[in-house]
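[1] let's see this in three dimensions:
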Amino acid sequence: MPRDYDRSAVPAVHNLREVAPYREEPGFEQVVFRGVDQTIGFSRIGPEKADGEPHTHPYEQTNMLVEGRLDFLVDGDRVELEPYDTLAIPPEVPHTSRAVDGESATLLAFWPLREDRLDGTAYQEEFPDP
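    Sure thing, here's the model as predicted:
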């Protein structure tokens, strides 16, 4: 369901390299950007990121690798992504990723509006506080 926004603040441009990370841990940092009813995760994944256990979400996640290479585990199958490869993960399908061969990678993840990430978009003045 679309949310309210400040029409006078649109268009607003945000350089995600300049936004403080919403999540930050060794080998992983993520900035979150939102639209009216969608969310983007801009993630930098490094070789020092610990292998994570596969996880699921109740919504689809679409990924596009911008740079580097990533090894994705999706529903038990491994696939290696190279720049501009795009991968859709349906709802409730277990998945995780890691960097390949000591490289760092940049990934865009597209989700519907995620209530659990709205606090990471407080820098966006075009949207009222969640």
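
[2] and the most centrally placed residue in the chain, helix, strand or coil?
    With distances taken as Cα atoms, centre = their mean, the residue of the chain nearest its centroid is G41 (2.3 Å). With DSSP: H, G, I helix; E, B strand; the rest coil as the basis, G41 sits in strand.

[3] if we ignore the residues flanking it in sequence, what's nearest it?
    Leaving aside its sequence neighbours, G41 sits nearest to A109 (Cβ to Cβ, 6 or more residues apart in numbering; 4.0 Å). For glycine as for every other residue, the C-beta is placed from the backbone atoms N, C-alpha and C.

[4] for beta bridges, what are the partners of that neighbour?
    Beta-bridge pairing of A109 under DSSP bridges involves G41, N63.

[5] show the pLDDT at it.
    Note for A109: predicted pLDDT of 97.

[6] cool, D129 as well?
    Value for D129, per-residue pLDDT: 61.

[7] so where's the protein shaky on pLDDT?
    1-2, 128-130 (pLDDT under 70).

[8] let's see that with 90 instead.
    1-12, 35-37, 50-52, 101-102, 115, 125-130 (pLDDT under 90).

[9] mind listing the strands in it by residue range?
    23-25, 28-34, 38-45, 61-67, 70-74, 77-81, 86-89, 95-99, 105-112 (DSSP state E).

[10] need the ones you listed in JSON lines with distance to L118, can you?
    Listed next are these as JSON lines, based on distance: least, Cβ to Cβ, whole Å:
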{"stretch": "strand 23-25", "distance to L118": "14"}
{"stretch": "strand 28-34", "distance to L118": "7"}
{"stretch": "strand 38-45", "distance to L118": "8"}
{"stretch": "strand 61-67", "distance to L118": "17"}
{"stretch": "strand 70-74", "distance to L118": "26"}
{"stretch": "strand 77-81", "distance to L118": "28"}
{"stretch": "strand 86-89", "distance to L118": "21"}
{"stretch": "strand 95-99", "distance to L118": "23"}
{"stretch": "strand 105-112", "distance to L118": "12"}
